[in-house]
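Novice: Sequence and computational prediction follow.
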Protein chains: 2
Amino acid sequence: MRRQPERRVRLADVARLAETSEATASRALKDDPRIGEATRAAVRAAAHKLGYVPNAAARSLRAKRTHILGLLLDELADPVHGKVAAGFEEAAASRGFAVFMMTGLHDADREQRALRTFLEHRADGVVLASCVSEPSDVFRYVSQERVVFVQPDYPSLADGAEPPDHGVLRSDDVGGFTTAIEHVVEQGYRRIAYVGPGVGASDAVRRAAAAETLERLGLGTMRFVDSGPNGWRDPSMAAEQLASDPPDAVVCYDDKLAMALLDALRSTRLDVPGDLALMGFDGIPAARQSRPRLTTVDVPSVEIGRRAVEMLVDSTKEGKPRPSEVMPVRLIVGETTPPVRTRGGRPSLARDAHPVAVRGESRR
Amino acid sequence: MRRQPERRVRLADVARLAETSEATASRALKDDPRIGEATRAAVRAAAHKLGYVPNAAARSLRAKRTHILGLLLDELADPVHGKVAAGFEEAAASRGFAVFMMTGLHDADREQRALRTFLEHRADGVVLASCVSEPSDVFRYVSQERVVFVQPDYPSLADGAEPPDHGVLRSDDVGGFTTAIEHVVEQGYRRIAYVGPGVGASDAVRRAAAAETLERLGLGTMRFVDSGPNGWRDPSMAAEQLASDPPDAVVCYDDKLAMALLDALRSTRLDVPGDLALMGFDGIPAARQSRPRLTTVDVPSVEIGRRAVEMLVDSTKEGKPRPSEVMPVRLIVGETTPPVRTRGGRPSLARDAHPVAVRGESRR
DNA sequence: AGCGTCCGCGCAACCGATTGCACAAGTGAC
DNA sequence: GTCACTTGTGCAATCGGTTGCGCGGACGCT
């Protein structure tokens, strides 16, 4: 197999072979109606014969549009972010956009560098998924129309800074945790604890929603157990805290943490769901295959990725900022939150002691 | 917060503010030694004040280097590919490269389009991870120095086509499955089956390595069970086949399939590992948390991603093709392949009937 | 004073495609 | 034969940096 000639084929080469000018060749290749049929065909043939591939840099230099989108997320090797990335890539590709993907790894410095890369390459739009930088730091570089934030809420904002009121795409974490608490309560559990990392805006939003719901249902103040930033890798501290004074049910920050906890609880005397009900959040595939199957709340991650592209592309087209959106979530009942009366060994908790009103996104 | 002025800052603006020429400004910003200290400082200050961000398109148009790498894989929302992508992105970013990530989804058409995108943007290098296109189709467009293949082997090649002898990075699947078979044999299992999708070059390589090892150990011909292309989602067919005539142990194509099978076997009378030992391949996180913990072979996916960048960048720098490389894998013993004598209920198989020599990458 | 060097900087060409405008050829009307 | 128009093409400027080459001035030496 012969190697390609070192010199890349340029439009000028195509024009020469088709015996016409560069201008005409350029127009012919993009179906300009002013070009005659014969000329168009000749140019097409020449381009194909030479294996011509237009130079995007040159094109976008002139056009001031790059057909590039930037996606910044904090981790790629993660089921949730991976799905967002997959949806994003797919939607972008189908619209003819290439995607720069960069990871921030929770490091503001890396995020700034990634942002800078997007800017240098003049990305037509940028999506920031769970980034730690403040919006003001972002807008210093990127004009507001070109950004979509994908995150439940903002990290602590500096004085005077305000979260943007549009261009935000998030999952309905509040609704999700409301539904989650209502579910375990409906199943008959009363003493409910929330286990989360204890850091991050996302955790704050979720635990607040959970606590609020519990209180609304008249079941008192939520008990919080912090697993710490390393909780996903090693939740043994949280597991021991739970073992020493077990609640009826545990609602976790996310599925990964729930799975880790489920694993860590094996080395305690607590059985799930025999002694302790457990819930996650996100709907990752592993939750479906765990033993017992994890009850969780499904977040449409792929859809979120897709929708982010739509918001970005549509809005840059129309030039006006798009409103924020909230993606609905869905309860998935597994085996870790069975109705209390089926639990053997201990008396069922009195379900009627606290009449409970339940509402949720959807349920089946 | 004031919106950025519509007009992007150009080098000319910086030069004007610094009261010098564009040429000098350009050199000052890249620490050309010919520029005096005072001038350099003035340019720096001007650039910073104006928030100047160089235009990558213009730069690379002239320089003929884009500092862009392309990564084509067939799925992003997958633990293995996600790790490869993460390692790739990290290594690329630390070298100042931006990464176009595209998914092929096992579709040759999409792959071609992705390749075309990489070419239009003149990526400095491209990595093709488990793509279905033939190398000859790839090289028609991309010069050989700029490509690294990450895959165990090639799909069926057309007549006359040959796999490239360099620029290939793969995990040691052969060594891995050799080790896997040796491990289950060492644990005392004798009748061993391989469960794989039955399609794809990767599956062919793995099952061949497994079968060969079994035969070498004098344990006869490997039994193959095909789970089909949908086996990961629904391995019930394979599960039933196994249940109707259970072997001692099952070695799976990968962890995802093993996990799915583990789940599907719950609805049969077979207990893992009580009645059936099970092994996976890849070392995905979920395997570590499954119940029972899956014995598997760890593939250094993140490392593979990283190494791909190194091969690409180093080789385009030196201009000479880099040799192919094989990444070592490592056995991780879980709870699904206990020694046979510990299994209750049935007589232990005679371990001494077939004296077995075992060698493996490493083991602990 | 005359000459050779070195340093710091700017002119202008260039990368490859797009596009406003003008121009040439062809057609039909008068 | 001339004018008004349409249709198809080409010239040349432009996008925003990079870089080969050359020029002017300061400095040191004879």
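Specialist: Great, that's in hand.

Novice: and residue A:111, how many neighbours?
Specialist: With neighbours defined by other Cβ atoms under 10 Å in any protein chain shown, the count for residue A:111 comes to 22. C-beta: built from backbone N, CA, C; applies to glycine.

Novice: Look up how far residue A:254 lies from it.
Specialist: Separation of residue A:111 from residue A:254 (Cβ to Cβ, to the nearest Å): 21 Å.

Novice: How about residue A:200?
Specialist: 11 Å.

Novice: When these two are compared, which one has more neighbours?
Specialist: Set residue A:200 next to residue A:254 and count neighbours by other Cβ under 10 Å: residue A:254 wins out with 25 against 19.

Novice: Look up how far DNA strand C lies from the more buried one.
Specialist: Using Cβ to the nearest atom of the strand, to the nearest Å, residue A:254 is found at 45 Å from DNA strand C.

Novice: right, and that residue touches residue A:283 too?
Specialist: No. Here residue A:254 lies out of contact with residue A:283, judged by Cβ atoms under 8 Å, at a distance of 9.9 Å.

Novice: Show me the helices in chain A, by range?
Specialist: A:11-17, A:22-29, A:37-50, A:56-63, A:79-94, A:108-120, A:135-139, A:173-186, A:201-216, A:236-244, A:255-264, A:285-289, A:301-318 (DSSP state H).

Novice: of all those helices, which lies closest to residue A:277?
Specialist: helix A:173-186 (6.0 Å; Cβ to Cβ).

Novice: before we move on, the earlier item: touching both of residue A:254 and residue A:283, which residues are there?
Specialist: Counting by Cβ atoms under 8 Å, 6 or more residues apart in numbering or on different chains, no residue touches both residue A:254 and residue A:283.

Novice: anything in contact with each of residue A:200 and residue A:254?
Specialist: With Cβ under 8 Å, 6+ apart, residue A:200 and residue A:254 have no common neighbours.

Novice: want to try CSV for the helices of chain A, with mean pLDDT as columns?
Specialist: Shown next, in CSV, are those (pLDDT from 0 to 100):
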stretch, mean pLDDT
helix A:11-17, 92
helix A:22-29, 92
helix A:37-50, 91
helix A:56-63, 94
helix A:79-94, 95
helix A:108-120, 92
helix A:135-139, 74
helix A:173-186, 96
helix A:201-216, 93
helix A:236-244, 92
helix A:255-264, 94
helix A:285-289, 90
helix A:301-318, 87
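
Novice: Would you mind giving those helices as JSON lines with distance to residue B:92 added?
Specialist: Shown next, in JSON lines, are the helices of chain A (distance: least, Cβ to Cβ, whole Å):
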{"stretch": "helix A:11-17", "distance to residue B:92": "30"}
{"stretch": "helix A:22-29", "distance to residue B:92": "32"}
{"stretch": "helix A:37-50", "distance to residue B:92": "31"}
{"stretch": "helix A:56-63", "distance to residue B:92": "19"}
{"stretch": "helix A:79-94", "distance to residue B:92": "15"}
{"stretch": "helix A:108-120", "distance to residue B:92": "10"}
{"stretch": "helix A:135-139", "distance to residue B:92": "22"}
{"stretch": "helix A:173-186", "distance to residue B:92": "32"}
{"stretch": "helix A:201-216", "distance to residue B:92": "27"}
{"stretch": "helix A:236-244", "distance to residue B:92": "35"}
{"stretch": "helix A:255-264", "distance to residue B:92": "26"}
{"stretch": "helix A:285-289", "distance to residue B:92": "27"}
{"stretch": "helix A:301-318", "distance to residue B:92": "21"}
